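structure for this input, please:
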Amino acid sequence: MSWNSWEEFWDMGGYAVFVWGSYGVVFVGVAVELWLALRQRSMVLLALRRSREEAYAGDAP
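Presented below is the predicted three-dimensional model:
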């Protein structure tokens, strides 16, 4: 497919709402997935730190 101008490219032959909307939904989905993964990683690291601190606290005289 070829376009004669940027305006035609952004219009996508009349399907711009569907094309750019699809890109938007995918972008939001990927961003949410990354945010959830980073949040879960932080929670696991925090739990490991607490577990390690509790284990060392039990060894103290």
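
contacts and neighbour counts: CA atoms only from here.
OK.

on the three-state scheme, Ser2 is what?
coil (DSSP: H, G, I helix; E, B strand; the rest coil).

next one: the longest helix along the chain to chain centre, how far?
Assignment by DSSP state H gives helix 16-59 as the longest helix of the chain. Here helix 16-59 is found 8 Å from its chain centre; the criterion is CA atoms, centre = their mean, to the nearest Å.

what pLDDT does Glu53 get?
pLDDT for Glu53: 88.

residues near it, how many?
When neighbours are counted by other CA atoms under 10 Å, Glu53 registers 11.

same question, Val19
Look at Val19: counted by other CA under 10 Å, it has 13 neighbours.

separation between Gly21 and Met12?
Remark: distance between Gly21 and Met12 (CA to CA, to the nearest Å) = 12 Å.

more neighbours, these two?
Met12 (16 against 12).

show me what contacts the more buried one?
Neighbour list for Met12: Val19 [criterion: CA atoms under 8 Å, 6 or more residues apart in numbering].

so what pLDDT did Asp11 get?
pLDDT, read off for Asp11, is 85.

how many residues are close by it?
14.

what about the least confident helix or strand in the chain by mean pLDDT, distance to the chain center?
Every helix and strand of the chain was ranked by mean pLDDT, DSSP states H and E. The lowest is helix 6-11, at a mean of 86. Counting by CA atoms, centre = their mean, helix 6-11 is centred 28 Å from the centre of its parent chain.

where are the low-confidence patches of this protein?
For the chain, the stretches flagged by pLDDT under 70 are 1, 58-61.

if we go to 80?
For the chain, the stretches flagged by pLDDT under 80 are 1-3, 58-61.

what about Val19, distance to Arg41?
Separation of Val19 from Arg41 (CA to CA) stands at 33 Å.

please state the backbone phi and psi of Asn4?
phi -90, psi -10 (degrees, to the nearest 10).

residues near it, how many?
7.

now do Val17 against Ser5, distance only.
18 Å.

in stretch 35-51, what's buried?
Within stretch 35-51, no residue qualifies as buried by neighbour count (16 or more other CA atoms under 10 Å).

that's all I had, so thanks and see you.
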